[in-house]
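Student: Pasted the sequence and its predicted model underneath.
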Amino acid sequence: MQVNMASIPFTAPVDAGRKNRKNRQNQGPQDGYRPGDTQEQRGPRGPQQQQGSNRGRERAQSESSRYGEIGAAGVGGTQAAIGVMAARGKTYDLKVLADRAMTEKGLTPTYSSEAAAFIKAIQQPAFNPEIKDLRHLNWCSVDNGHGEVVTSKDLDQLSASEDLPNGFTRVYVAIADVDALMPKNSPPDKQAQKNTTTVYTADKIYPMIDPHFSENLTSMNPGVDRQAMVTEMIISPEGEIVKDDIYPAMVNSKVALNYDSIGKWLEDRGGRPHALDGRDEVAAALQSQSRVAQALKEVRRRNGSLQLESQEAKAKMEEGAVKDLSKPEKNLATELIENLMVAANGCAARFLAKAGFPTIQRIVREPKNWDKIVDIAAEKGYELPAKPDSAALEQFLEGERASDPLRFPDLSLNVVKLLGRGEYVVQFPGEEPLGHFGLAVKDYSHSTAPNRRYPDVITQRLLKAAKACVAAGITNPTEKDWGYTKAELSELTTRCTEQEGNAQKVERQIQKSAAAMMLQTRIGETFDAIVSGANDKGTWVRLLDMPIEGKLDGKARMGQPLTVRLTGTNVEKGFIDFEKA
């Protein structure tokens, strides 16, 4: 298809408008989902097991005096209560457990008085009349929620689009300009550097930035003007980004939507959400963006992007009790946002590199344990190449997903563990990018969530400085032009990687505690399960009717379906114990 791209105006016209417990330390398959995740060694099981089998009662009688529990004062003097224990009436508060876990992992659960005072003094959002005015575009946000209710409060991004001739689409991604209200080394910025990320636990969220900013003045809430950094992309029907630019602009969201309702609508599994009533232009734009997102996804899939499955579960809480656990599912709406953000992050990395600026790269290195992945494939009759090849791996995974969907989640988890965790590194001008093995992209930076990820704040500042240098004709920018020294960037990226790992440990620990809390009154019940992990440390099973895993008393082969009986839980440590029924 031959199209004269020069004839397409680049910017839209402005408009007015849980046996032998000592050795159990992170051996369950859930722990493999975040490689390198470590936790305290498992202690003895709790007295609540008296309601289980005879074997469970005997163990409980011998171990009950050693049962770990939160002291009366809990964390910071807060008394622990909530989540009734079946045998002794003990109660647990996931918020208290989360506070303790945060502190143990070197994270800060509260804000400094300096940061709080700085933020409280600012009552108005940033507004710059000198930058582009794109408030008239069909902006909307799509984020977490249920039904048609949006539950996310820290809305970092918006998207808008317009159709162009010959199947091309102009797509805009607007990212909240957090830097405009939170300058480098200001009190809230120094506070954000402590955790470097928002921590999401079952019953409590620890925002990286005070909610007065992250959920209000720098959140892309509907119906209010917001200053943003906009990535504008012209994308072909085949998913090629043929033209892109990044610049500051004023935006205004027309509506906040959620993945659930928009996904069902886009997949013809539900009607158009009522929030789109009277917003036909936004609805049409979302459909266009979904087509573009699938084209972008297909390009990355052909290049070897891995379509892996998460075992992360979300707890539904009611008055401090866990009522349900569910696993978020991907749909066309989640893929819409995911693929547009990957594209925008790539544009940011390339823009900075072209301007002679460093980039904060999000990477997953070529796996050192590729030989073990090859062995896993061989056990299933598939031959992978001797050297790491993401495209070949994705072909294997795609086949297994289709042929054995029951066991695919466990295969996916094991592959994730062997791939290794993501990390942040600085790529300085002239250096070759390391790339992201799982996404099959070379140039990839995090830039689209500055309200909740500190690397994105750094990238935002670098983008602003790069724009200024380009405008001034500066072709060889120095550290002074960057606004950061090499030492600062290296230190910050190392901290971001470390604290992200710590945050994930907290989230995983409280997720396990939530699962144990939900099952603590069901000792003795049986469940259909599948063996999800087996090694010299033990055997683990995954329940089929809820996203919960626990340790099995006994041995079984990997992938074996079986019926198990719940013999005990330990809410504090997040341990869940089963035996063969």
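Tutor: Received the coordinates, thanks. Numbering: from 1, shown residues only.

Student: count of neighbours near Ile548?
Tutor: When counting by other C-beta atoms under 10 Å, one arrives at 25 neighbours for Ile548. The way it works is simple: take the backbone N, C-alpha and C, and place the C-beta from them, glycine included.

Student: who are the neighbours in contact with it?
Tutor: Ala313, Leu325, Ala515, Met518, Leu519, Arg542, Ile576 (C-beta atoms under 8 Å, 6 or more residues apart in numbering).

Student: again, only this time at 6 Å
Tutor: Ile548 makes contacts with Ala515, as judged by C-beta atoms under 6 Å, 6 or more residues apart in numbering.

Student: What pLDDT does the model give it?
Tutor: We have a pLDDT of 94 for Ile548.

Student: And Val14, by the same measure?
Tutor: pLDDT at Val14 comes out at 41.

Student: And Asn26, by the same measure?
Tutor: pLDDT recorded at Asn26 is 37.

Student: residue ranges with poor pLDDT in the chain?
Tutor: Within the chain, the segments meeting pLDDT under 70 span 1-91, 311, 440-442.

Student: quick check, Glu329 in a strand?
Tutor: No. Glu329 is assigned coil when assessed by DSSP: H, G, I helix; E, B strand; the rest coil, not a strand.

Student: Determine the number of other residues adjacent to it.
Tutor: Neighbour number of Glu329 under other C-beta under 10 Å is 11.

Student: same thing with the one 4 residues further on?
Tutor: Neighbour count of Ala333, defined by other C-beta under 10 Å: 25.

Student: same check, this time on Gly399
Tutor: Gly399: 13 neighbours (other C-beta under 10 Å).

Student: Output whichever strand or helix holds it in PDB with nothing but the alpha carbons.
Tutor: Secondary structure assigned from DSSP states H and E places Gly399 in helix 390-403. Below are the C-alpha coordinates for helix 390-403, written out as PDB (Å, rounded to 0.1, in the frame of the first residue of the first chain):
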ATOM      1  CA  SER A 390      11.400 -16.100  21.900                       C
ATOM      2  CA  ALA A 391       9.500 -16.800  18.600                       C
ATOM      3  CA  ALA A 392      10.100 -20.500  18.900                       C
ATOM      4  CA  LEU A 393       9.100 -20.500  22.600                       C
ATOM      5  CA  GLU A 394       5.900 -18.600  21.800                       C
ATOM      6  CA  GLN A 395       5.000 -21.200  19.100                       C
ATOM      7  CA  PHE A 396       5.500 -24.000  21.700                       C
ATOM      8  CA  LEU A 397       3.400 -22.100  24.300                       C
ATOM      9  CA  GLU A 398       0.700 -21.400  21.800                       C
ATOM     10  CA  GLY A 399       0.400 -25.100  20.900                       C
ATOM     11  CA  GLU A 400       0.300 -26.100  24.600                       C
ATOM     12  CA  ARG A 401      -2.300 -23.500  25.400                       C
ATOM     13  CA  ALA A 402      -4.600 -25.000  22.700                       C
ATOM     14  CA  SER A 403      -3.900 -28.700  23.400                       C
END
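
Student: which is the next helix or strand following that helix?
Tutor: Following helix 390-403 in sequence, per DSSP H and E, is helix 408-419.

Student: Might you calculate how far that following helix sits from the centre of the chain?
Tutor: 17 Å (C-alpha atoms, centre = their mean, to the nearest Å).

Student: And for stretch 156-164?
Tutor: On C-alpha atoms, centre = their mean, the centre of stretch 156-164 falls 22 Å from that of its chain.

Student: Where is the longest helix in the chain?
Tutor: helix 486-519 (DSSP state H).

Student: List the buried residues for that helix?
Tutor: Neighbour-count burial for helix 486-519, counted by 16 or more other C-beta atoms under 10 Å, picks out 489, 492-493, 495-497, 499-519.

Student: and it, what does it pack onto?
Tutor: Applying 3 or more C-beta pairs under 6 Å, 6 or more residues apart in numbering; DSSP states H and E, one finds that helix 486-519 contacts helix 94-104, strand 199-200, strand 321-326, strand 423-427.

Student: Tabulate these (a markdown table), appending mean neighbour count.
Tutor: Listed next are the helices and strands packed on helix 486-519 as a markdown table, based on neighbours: other C-beta atoms under 10 Å:
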| stretch | mean neighbour count |
| --- | --- |
| helix 94-104 | 22 |
| strand 199-200 | 22 |
| strand 321-326 | 16 |
| strand 423-427 | 20 |
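
Student: what are the ranges of the strands in the stretch 101-250 of the chain?
Tutor: 132-133, 140-143, 145-146, 149-150, 157-163, 169-176, 199-200, 205-206, 225-235, 241-252 (DSSP state E, counting those that start in this stretch).

Student: contact partners of the third one?
Tutor: Outside of strand 145-146, the residues that reach it under the criterion C-beta under 6 Å, 6+ apart are Thr151, Asn258, Asp260.

Student: ok, now the fourth one?
Tutor: Strand 149-150 has contacts (C-beta under 6 Å, 6+ apart) with Ala256, Asn258.

Student: just to revisit the earlier point, and of the helices and strands packed on helix 486-519, who's closest to Ile122?
Tutor: Closest approach to Ile122 among the helices and strands packed on helix 486-519 (C-beta to C-beta): strand 199-200, 23.8 Å.

Student: List of residues touching the closest one?
Tutor: Tyr206, Ala503, Val506, Glu507.
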